[in-house]
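**Student:** sequence-free structure coming up:
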């Protein structure tokens, strides 16, 4: 991996909402983080944008499926798409952590109203993955 490729990865990271990027090619690996402080693991509460239209504000009855650990989120095909119905106990995806896949299971049933994390993106512990309108 040459310096130009690493600079390109830095630009990709700066243009995204992601805080950290890891890339491995053969025996070489690169990990890039935004900011100078190490990431702290803590639940992230979604903050509604006051300038957003009312229909994008979260209802007080909405529930969030949250990441049970730090890792890379992999969604089950079609399950976390907006408008999909999820049942309590249903596997909605996996989180890859230390080369192991760990199931993400919904605690409640309802309809997916917002997908908050794209497939293949890194997630933090407690980070909302999708917003559910309960049945």
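**Tutor:** That came through fine. Since this is a predicted model, take the numbers as computed values, not measurements.
**Student:** The residue nearest in space to the middle of the chain and residue 79, how far apart?
**Tutor:** In the chain, the C-alpha nearest the mean C-alpha coordinate belongs to residue 117, at 3.5 Å (CA atoms, centre = their mean). Noted for residue 117: a distance of 13 Å to residue 79, by CB to CB, to the nearest Å. To be clear about C-beta, it is placed using only N, CA and C from the backbone, and glycine gets the same treatment.
**Student:** Check residue 132 and give its pLDDT.
**Tutor:** Note for residue 132: predicted pLDDT of 93.
**Student:** What of residue 41?
**Tutor:** pLDDT, read off for residue 41, is 44.
**Student:** would you say the residue nearest to the centre of the chain is within a strand?
**Tutor:** No: using DSSP: H, G, I helix; E, B strand; the rest coil, the assignment for residue 117 is coil, not a strand.
**Student:** wait, it sits on residue 71?
**Tutor:** No: using CB atoms under 8 Å, residue 117 is not in contact with residue 71, being 11.4 Å away.
**Student:** my guess is residue 74 contacts residue 92, does it?
**Tutor:** No: taking contacts as CB under 8 Å, residue 74 lies outside contact range of residue 92: 10.3 Å.
**Student:** what's the spacing between the residue lying closest to residue 88 once chain neighbours are set aside and residue 5?
**Tutor:** Spatial nearest neighbour of residue 88, excluding adjacent residues (CB to CB, 6 or more residues apart in numbering): residue 109 at 4.6 Å. Taking CB to CB as the measure, residue 109 falls 45 Å from residue 5.
**Student:** And for residue 110?
**Tutor:** For residue 110, the distance to residue 5 equals 43 Å [CB to CB].
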